Structure formats: structure tokens, C-alpha cells
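*Asks:* Build me a model:
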Amino acid sequence: MDNWEGAANELKDSGSSLSLCTCRICQTVKSREALISPCNCKGTLGKVHLSCLERWLNICGRQHCEICKFEFSAKRRRRYSVLQSVRIWASQSANRMLLRADVVAVIVLTSLTAALCSFSIFSMDFFVNEGRKLGLSPIYTRALSVSFQIVVVFGYLLSVYIVLRDHVVSWYAWWNSTMRIVILVEKKNTPVILEV
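*Replies:* Got it, this is the predicted structure:
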């Protein structure tokens with residue numbers, strides 16, 4: 001009988017070492033951070049480090065438990081300020097190449113627009129004199145020249161707007177995709193925001 005009791009005690013001891021609570025994400029037992037049960041999962045699947053859970057939710061982009069579908073009380077926060085995000089977005093190679101190409105295109109477009117408008121302004125007297133020879137009123141000739149300038153400037157502004165809009169929309173979509181999920185943990189009926 002004593003052998004059976006000793007074997008049973010050994011089995012209990014070995015079983016207790018196997019049933020130590022581990023974080024279901026990082027699978028580590030020893031950590032400075034306490035294990036919490038933030039959702040409805042039970043047993044070993046219910047224990048997790050808060051930092052591991054936030055990191056996992058940020059990677060997968062969800063705010064609920066994938067197992068029990070519990071919706072976590074969480075806030076989405078921007079990871080970068082506006083200036084930081086513009087700098088980081090522009091430093092990515094694909095965006096940097098597009099920005100350089102569009103800057104060159106805008107410089108060329110600006111030069112052409114300035115040349116066309118200045119040509120139109122400086123040659124207005126010539127066109128008025130030539131218009132008189134053909135029997136056209138000077139007012140009509142000037143109105144035609146000003147209309148041409150307005151169309152050129154409007155086309156230029158529209159082109160620059162489209163280029164800027166494309167970059168701003170691309171940057172803003174990227175900025176929104178870099179949100180950080182922060183879990184709200186309640187301690188003694190007081191919500192506390194714990195950030196990683």
C-alpha cells in the first residue's frame with residue numbers, strides 16, 4: 001500500500017509542475033508581469049499577459065478574443081504624431097520614389113504654366129494690334145488672352161491638387177492602419193489605461 005501512496009504523491013507532484021499557468025500567447029511561465037483572465041476563456045487558455053494580449057491584438061487588428069469572441073474594452077490610439085507619420089511614410093522606398101517623381105512633374109508643370117502665362121501677358125499688346133488689323137475689338141482680344149490664362153492656371157491648380165490628394169489619401173490610409181490597441185483594465189471599479 002505504501003508503494004501506491006508514494007506513486008500517487010509522485011504523480012501529483014509531477015502533474016502540478018505540468019499544470020503551471022502560462023501565458024497562452026508567449027507560453028512563458030516566469031515573467032515580471034502578472035497573468036490576467038480578460039475574457040471568458042477557462043483553464044490554461046484563459047491566462048495571458050496584458051502586454052502579450054495587446055501586442056497580439058495589434059498584430060491581428062481585432063478587439064475580441066478569437067476563441068470565445070469576448071469583446072475587449074479597448075481604445076485605439078495613434079502610434080505616431082502627424083509629423084512623425086509623414087516622415088516615416090515618406091521614408092519608405094516606394095513612397096519616396098513616387099514623391100520624387102511627382103515633385104519633378106510639379107516643377108516641370110509649374111515652369112510650363114509660368115512660361116505660358118508670362119508669354120500671354122507680355123505678348124498681349126502684340127495680339128491686340130494684330131486683332132485690330134483683323135477687325136477685332138481690343139476688349140475681345142484681351143478677354144480671350146485672360147481667358148486663356150485662367151484656363152492654364154486652373155488646369156495647373158487642378159493637376160497639383162490631384163497629385164497632392166493622391167499622396168495625402170495614401171498617407172492618411174497608412175496612418176490609420178498604424179493604430180495601437182490599448183486594453184482598458186478595471187481595477188476596483190476604476191478604469192485604468194495600461195499602455196505597453
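
*Asks:* what about residue 136, helix or strand, and which?
*Replies:* Take DSSP states H and E as the rule and residue 136 turns out to sit in neither a helix nor a strand.

*Asks:* From residue 123, how far out is it?
*Replies:* Remark: distance between residue 136 and residue 123 (Cβ to Cβ, to the nearest Å) = 15 Å. Glycine gets a C-beta too; all of them are placed from N, C-alpha and C.

*Asks:* same thing with residue 69?
*Replies:* On the measure of Cβ to Cβ, residue 69 and residue 123 end up 73 Å apart.

*Asks:* now do residue 166
*Replies:* Distance from residue 166 to residue 123, by Cβ to Cβ: 35 Å.

*Asks:* Which pLDDT value goes with the residue most central in space within the chain?
*Replies:* Nearest to the geometric centre of the chain sits residue 175, at 2.0 Å (Cα atoms, centre = their mean). pLDDT recorded at residue 175 is 91.

*Asks:* follow-up on the earlier one: settle it for me: which of residue 69 and residue 123 has more neighbours?
*Replies:* residue 123 (12 against 9; other Cβ atoms under 10 Å).

*Asks:* For the more buried one, what are phi and psi?
*Replies:* Dihedral pair for residue 123: phi -100, psi 10, per degrees, to the nearest 10.

*Asks:* tell me the SS of residue 185?
*Replies:* strand (DSSP: H, G, I helix; E, B strand; the rest coil).

*Asks:* what sits opposite it in the beta ladder?
*Replies:* Under DSSP bridges, the beta-bridge partners of residue 185 are residue 192.

*Asks:* is it true that the residue nearest to the centre of the chain lies in a helix?
*Replies:* Yes: counting by three-state DSSP, residue 175 is part of a helix.

*Asks:* Tell me where the model's unsure across this structure.
*Replies:* Along the chain, the model assigns pLDDT under 70 to residues 1-20, 186-196.

*Asks:* Kindly export stretch 101-111 (C-alpha atoms) in PDB.
*Replies:* The C-alpha trace of stretch 101-111 is given here as PDB (Å, rounded to 0.1, in the frame of the first residue of the first chain):
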ATOM      1  CA  ALA A 101       8.700  61.700 -59.400                       C
ATOM      2  CA  ASP A 102       5.700  63.900 -58.600                       C
ATOM      3  CA  VAL A 103       7.900  66.700 -57.300                       C
ATOM      4  CA  VAL A 104       9.800  66.700 -60.700                       C
ATOM      5  CA  ALA A 105       6.400  66.600 -62.500                       C
ATOM      6  CA  VAL A 106       5.100  69.600 -60.500                       C
ATOM      7  CA  ILE A 107       8.300  71.500 -61.100                       C
ATOM      8  CA  VAL A 108       8.000  71.000 -64.800                       C
ATOM      9  CA  LEU A 109       4.300  71.800 -64.800                       C
ATOM     10  CA  THR A 110       5.000  75.000 -62.800                       C
ATOM     11  CA  SER A 111       7.700  76.100 -65.200                       C
END
